[in-house]
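[1] Need a 3D model of the sequence below.
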Amino acid sequence: MGVKKIFLFSLLALSLFSFKDNNLRHAHKNFSRHKLESDVYIIVIKSAYELQVYDKEGWYATYPVVFGSKSLDDKMVEGDRKTPEGTFHILSKRPHEKWDKMMDLDFPTKVDIEKFNARKAKGLIPKTAKIGSGIAIHGTWQHDEHVIDLFQNWTNGCISLKNEDVDELYALIPVGTKVIIKR
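    Predicted coordinates for the structure are as follows:
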C-alpha cells in the first residue's frame, strides 16, 4: 500500500472515529448548553465507564468517566475507594479548586446505611468499620484528563469526568437530579 493510500485510509478512519464519538456523546443534533429542568436523571454504568444523561425525550448525552478502585464492586466501607451503587440525588453544585466542578451526592442514603449494617451483622465487614461519605461527580486535576481516556481509576470513590464534560454537565443538571449508579 502506498503512502498516499495509507494517509487516505488513516484520514477516513479518523473521521469515522470522530463521527462515532460525536454521536455517542450527544443524542440531539441541536445539543445546547441549556439547563435541563424536567424529568432529567443520570445513569452511571461502572462496567461501561459511562455517565448517561436522560431527559423527558429520552437519552440526551453520554460521557466517559472513571472511578476509584480498579474493582468495580459496590462500596463496602470508608476508605475502600469503591464507588457506591444505588439511587442518589445531587445535593449541591460548586466550583472546586482541584477538580474544576463538583456535584455532591447524598451518600450515604437510608438504603446504604441498611446495606452497611446488614454487612456488619453478617461479618462481611469489621464491626469497627465506618460507612464513609463525600461521594461526588467531578472533573480531573488540571491537565490530567488523559486518565479518563486511559480508564485509570484514581478517585476515592467519586465519579470523574473530563473537565470540559463536567463543565457541560454542571450547566445542564439542576440540584436534586436523580443519579443511578450500577455495575
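
[2] Now find how far off-centre stretch 150-162 is within its chain.
    Stretch 150-162 has its C-alpha centroid displaced from the chain centroid by 8 Å (Cα atoms, centre = their mean, to the nearest Å).

[3] Residue 98 contacts residue 140, doesn't it?
    No - judged on Cβ atoms under 8 Å, residue 98 makes no contact with residue 140 at a distance of 9.1 Å. (Each C-beta comes from the backbone N, C-alpha and C, glycine too.)

[4] So for those two, which sits in the more crowded spot?
    residue 140 (23 against 10; other Cβ atoms under 10 Å).

[5] and that one, what element?
    Using DSSP states H and E, residue 140 is not contained in any helix or strand.

[6] Run a quick neighbour tally on the closest residue to residue 129 other than its chain neighbours.
    Spatial nearest neighbour of residue 129, excluding adjacent residues (Cβ to Cβ, 6 or more residues apart in numbering): residue 77 at 4.2 Å. For residue 77, the neighbour count with other Cβ under 10 Å is 17.

[7] next one: phi and psi at residue 77?
    phi -140, psi 160 (degrees, to the nearest 10).

[8] Neighbouring strands of the longest strand along the chain in the sheet, and parallel or not?
    As assigned by DSSP state E, the longest strand anywhere in the chain is strand 86-96. If you go by DSSP bridges, strand 86-96 pairs up with strand 100-105 (antiparallel), strand 178-182 (antiparallel).

[9] Using CSV, lay out those together with mean neighbour count, distance to residue 93 and mean pLDDT.
    Shown next, in CSV, are the strands paired with strand 86-96 (neighbours: other Cβ atoms under 10 Å; distance: least, Cβ to Cβ, whole Å; pLDDT from 0 to 100):
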stretch, mean neighbour count, distance to residue 93, mean pLDDT
strand 100-105, 22, 5, 96
strand 178-182, 18, 12, 98
